[in-house]
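>>> The following comprises the amino acid sequence and a computationally predicted model.
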Amino acid sequence: MTFGKKRSNVNGNADNNKRVSKKGIILTCVIVAAILGASFVVWFLPTGNVPNSSITNMTVTFTDPNTTLMSTESQFTLLQREVQNHINETSLNEVENITEFNSFVDTSIAQNNELMLSLLSGNPDQSLMPDYLNLMSEMKNYSQYLSDLKATGRK
């Protein structure tokens, strides 16, 4: 690797493969510095400008209350299946660390709470209100079941 003038090889041809220009190095450094600087700007942005910061990024809201209900219901069913599959697998193995199990249950409770938040932000009309209330009741009962599951350590 050389800086400056081109070197010639034995045949008199310029050897461009090993030539590095100072402009290229400087340009690369400037681009890397700009990318790093832009990524750190995120840390300095004020968080007070974000409306309704109590709802986390996991919450999805739809403009149609029926879509919100269907989506939340399918996600809730999926969560129940995953928890039940995990419980079945651990009852077969019986060698799981209790801390790992409690961490799994805590994560499931947090996911269930996020689903309840998305259901609360659905703004249903009167015709969908009974379905919303039934699903919310199911989710609250499931959250209690998960808390009891964590307290006992297994099913």
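Okay, I see it. Numbering: from 1, shown residues only.
>>> Leaving out sequence neighbours, find the closest residue to residue 112.
Nearest residue to residue 112, sequence neighbours excluded (CB to CB, 6 or more residues apart in numbering): residue 143, at 5.1 Å. The C-beta positions use only the backbone N, C-alpha and C, and glycine is treated the same way.
>>> Wait, the one you found touches residue 109, no?
Yes. In terms of CB atoms under 8 Å, residue 143 counts as a neighbour of residue 109; the distance is 6.0 Å.
>>> okay, these two: which has more neighbours?
Between residue 143 and residue 109, residue 109 has the larger neighbour count (other CB atoms under 10 Å), namely 19 against 16.
>>> For residue 124, give me its contacts.
65, 68-69, 131-132 (CB atoms under 8 Å, 6 or more residues apart in numbering).
>>> Point out where the protein drops to low pLDDT.
For the chain, the stretches with pLDDT under 70 are 1-18, 42-62, 91-96, 153-155.
>>> pull the CA atoms of the host helix or strand of residue 31 into CSV?
Using DSSP states H and E, residue 31 sits in helix 22-44. This file holds the C-alpha atoms of helix 22-44, laid out as CSV (Å, rounded to 0.1, in the frame of the first residue of the first chain):
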residue,chain,number,x,y,z
LYS,A,22,-5.5,10.3,1.0
LYS,A,23,-8.8,11.7,-0.3
GLY,A,24,-10.4,8.3,-0.1
ILE,A,25,-9.3,7.7,3.5
ILE,A,26,-10.4,11.2,4.5
LEU,A,27,-13.8,10.7,2.7
THR,A,28,-14.3,7.3,4.4
CYS,A,29,-13.5,8.8,7.8
VAL,A,30,-15.9,11.6,7.3
ILE,A,31,-18.7,9.2,6.2
VAL,A,32,-18.1,6.9,9.3
ALA,A,33,-18.1,10.0,11.6
ALA,A,34,-21.3,11.2,10.1
ILE,A,35,-23.0,7.9,10.6
LEU,A,36,-21.8,7.6,14.2
GLY,A,37,-22.9,11.2,14.9
ALA,A,38,-26.3,10.6,13.4
SER,A,39,-26.8,7.4,15.4
PHE,A,40,-26.0,9.3,18.7
VAL,A,41,-28.5,12.0,17.9
VAL,A,42,-31.2,9.6,18.9
TRP,A,43,-29.9,9.5,22.5
PHE,A,44,-30.1,13.3,22.7
